[in-house]
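**Student:** Fold the stuff below for me.
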Amino acid sequence: MNARDVVPRSKNLDIDALLDDRSIRVIVCCGSGGVGKTTIAAALGLRAADRGRDVVVLTIDPARRLAQALGLTELDNDPRPVAGVEGEGSLAAMMLDMKRTFDEFVESNSDPERAATILANPFYQSLSSSFAGTQEYMAMEKLGQLRGKAEADGTWDLIVVDTPPSRSALDFLDAPRRLGSFLDGRFIRLLAAPAKAGGKAYLRVLSAGFGMFTSVLSKIIGGQVLTDVQTFVGSVDTLFGGFRQRADDTFAMLQAADTAFVVIAAPERDALREASYFVERLEADAMPLAGLVLNRVQTTKVPDLDAATATAAAARLEAGKATSVTAALLRIHADRVATLARQKRLAERFTAAHRNVAVAAVPALPGDVADLAGLRQIGASMSVAPDK
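**Tutor:** Numbering: from 1, shown residues only. Reported below is the predicted structural model:
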């Protein structure tokens, strides 16, 4: 029994048709942490390049496994060409550096003096490196930059995005808007009032009640922190008002017909539950869902030997003091068959709940994928007509 048997034939996701569709310019790989999003994103990018597309893969995975699999010594915030593409396409890969992306955003939207002031501000340094939601926001900012470059000079005709490893897959959609709303919100603008008004004007702008509020707030978070926030917002000025708009623009880009979402899940209860939530959220936000990739599905090479028969045979061998290796292999087989049956039940539960979602199954491999051959093996397994 192979991985494909886990999914009803009517539910097969045609990955090659998706990759060959030139109207699709962005593929977003999403799902909960630990399900293999990075590996699937790399496999999709390589298969698309082998089939003639000019592809860039953007990963946000801090483990940096993608570089090793693609034969690169490291990945950084700039696309690096990948050698070894079979065909007329091309492949580049990069890993998001959220602080550098934020710095580039500030530098490209400010004059040099103002940019230097912002980059040196302690609040900005904290915001750009560790503030909740910054990674997701900058992932979308980088996606927007890549899309703009692709449209300007035709460098790539397909961008594959590996989404951040968040606590919840939904953070990828929610965090950019939350951060944009915070940076563009009324509360932080009130904090900025002293920096913008200054001196006696500040007294005219703020009432005595708000002055008392800032005094209390200063004691809670520290006077220097409050000053840093006020200085930062005052320095950003017109740039500041664009954060939420940029997040909204990117959200609209993700809803466009030339974007396709691929949800990645492992054949486990929690991962499929998270995938189910994500599918429902994508549908609610009118985002184009291509389908689900069910990764690391168990397989067996002896489909006619069920788990119960294998277990009974192992018990008889052990009772007769036969070769322990044979009995152990039978028990391993029994365990794999039982695991596959459980995975099939979970997959059927998902497909019953989401009848319109196509699914591709990827078999579990004996080891980690560490080269292009391994990525090609995964890409071929996702194909409706696997490579010979």
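
**Student:** Output the longest strand belonging to this structure.
**Tutor:** The residue-count maximum for a strand in the chain (DSSP state E) belongs to strand 289-297.

**Student:** Now that strand: buried residues?
**Tutor:** Leu289, Ala290, Gly291, Leu292, Val293, Leu294, Asn295, Arg296, Val297 (16 or more other Cβ atoms under 10 Å). (C-beta placed from N, C-alpha, C; glycine too.)

**Student:** quick one: least confident of these?
**Tutor:** Lowest pLDDT of the buried residues of strand 289-297: Val297, 88.

**Student:** Hmm, that one is touching Glu268, no?
**Tutor:** No - counting by Cβ atoms under 8 Å, Val297 sits too far from Glu268 to count as a contact (10.7 Å).

**Student:** which among the buried residues of strand 289-297 gets closest to Val362?
**Tutor:** Closest to Val362 out of the buried residues of strand 289-297 is Asn295 (4.8 Å), distances taken as Cβ to Cβ.

**Student:** Next, Pro288: phi, psi?
**Tutor:** phi -70, psi 110 (degrees, to the nearest 10).

**Student:** tell me the contacts of the nearest residue to Val85 once chain neighbours are set aside?
**Tutor:** Leaving aside its chain neighbours, Val85 sits nearest to Ala49 (4.6 Å; criterion: Cβ to Cβ, 6 or more residues apart in numbering). Contacts of Ala49 were listed using Cβ atoms under 8 Å, 6 or more residues apart in numbering, and they are Val55, Val82, Val85, Gly87, Gly89, Ser90, Leu91.

**Student:** Report the two of those residues separated the most.
**Tutor:** Val82 and Gly87 (12.8 Å).

**Student:** so how far is Leu66 from Thr39?
**Tutor:** Separation of Thr39 from Leu66 (Cβ to Cβ, to the nearest Å): 8 Å.

**Student:** and if you look at Ala49?
**Tutor:** 14 Å.

**Student:** So Val82 and Gly87 - more neighbours on which side?
**Tutor:** Val82 (24 against 11; other Cβ atoms under 10 Å).

**Student:** from memory that one sits against Leu91, does it?
**Tutor:** Yes - between Val82 and Leu91 there is a contact under Cβ under 8 Å: 4.3 Å.

**Student:** Show me the common contact partners of these two, please.
**Tutor:** By Cβ under 8 Å, 6+ apart, the residues touching both Val82 and Leu91 are Leu46, Ala49, Leu70.

**Student:** In the longest helix seen in the chain, which residues are buried?
**Tutor:** As assigned by DSSP state H, the longest helix anywhere in the chain is helix 324-353. By neighbour count on 16+ other Cβ under 10 Å, the buried set for helix 324-353 is 327, 330-331, 333-334, 336-340, 343-344, 346-347, 350-351.

**Student:** Stretch 67-83 now?
**Tutor:** Along stretch 67-83, these residues count as buried under the neighbour rule (16+ other Cβ under 10 Å): Ala67, Gln68, Ala69, Leu70, Leu72, Leu75, Asn77, Pro79, Arg80, Val82.

**Student:** Count the neighbours of Val362 for me.
**Tutor:** Around Val362 there are 26 other residues, counting by other Cβ under 10 Å.

**Student:** where along the stretch 1-150 of the chain do the strands fall?
**Tutor:** With strands called from DSSP state E, counting those that start in this stretch, the stretch 1-150 of the chain shows them at 26-30, 54-59, 80-81, 90-95.

**Student:** Note down every partner strand of the first one and its orientation.
**Tutor:** Yep, that's strand 26-30 we're talking about. strand 158-162 (parallel), strand 259-265 (parallel) (DSSP bridges).

**Student:** ok and the last one relative to helix 324-353, angle-wise?
**Tutor:** Calculated by axes from the mean of the first three to the mean of the last three Cα atoms, to 10 degrees, strand 259-265 forms an angle of 140 degrees with helix 324-353.

**Student:** Just want the angle from the helix or strand following strand 259-265 to strand 26-30.
**Tutor:** Sequence-wise, the next helix or strand downstream of strand 259-265 (DSSP states H and E) is helix 269-284. Relative orientation of helix 269-284 versus strand 26-30 (the same axes, to 10 degrees): 140 degrees.

**Student:** which of the residues in helix 269-284 are buried?
**Tutor:** Ala271, Leu272, Glu274, Ala275, Ser276, Phe278, Val279, Arg281, Leu282.
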